[in-house]
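Chemist: Have a look; sequence and predicted model below, questions after that.
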Amino acid sequence: MVFSSPVFLFLFLPLTLLAVLLARSTGARNTVLLIASLLFYAWGEGVYLLLMLATILVNHLAGLALARWPGHRGPLVAAVV
């Protein structure tokens, strides 16, 4: 699926926007957007979904490490970049 396809423009995008508008909390909205993003990537190619999940995991763990050890940010940032 590409951004200019009719499926995206007339089905996926409106349903995603509706779900975001119906979600009450910020956490719920973020969850809707995360799931929609993963579905978008899975629709295009399953391999990219695995890549996206791996990237999310690495970024999340790096963020936790940066929050836990604020005095060691230099080496952590260098490792992440």
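Modeler: Now that the structure is in, tell me what you want to look at.
Chemist: for this structure, what are the low-confidence residue spans?
Modeler: Regions of the chain meeting the criterion pLDDT under 70 cover residues 73, 76, 80-81.
Chemist: Quick check: what element follows the helix or strand where Leu21 lies along the chain?
Modeler: Secondary structure from DSSP states H and E places Leu21 in helix 13-22. The helix or strand immediately downstream of helix 13-22 is helix 26-44, counting by DSSP H and E.
Chemist: could you say what helices and strands that following helix packs with?
Modeler: Helix 26-44 makes packing contacts with helix 13-22, helix 46-68 when contacts are defined by 3 or more C-beta pairs under 8 Å, 6 or more residues apart in numbering; DSSP states H and E. Where C-beta positions appear, they are placed from N, C-alpha and C, glycine not excepted.
Chemist: Need these in TSV (columns: distance to Leu33 and mean neighbour count).
Modeler: Formatted as TSV, the helices and strands packed on helix 26-44 follow (distance: least, C-beta to C-beta, whole Å; neighbours: other C-beta atoms under 10 Å):
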stretch	distance to Leu33	mean neighbour count
helix 13-22	7	13
helix 46-68	12	12
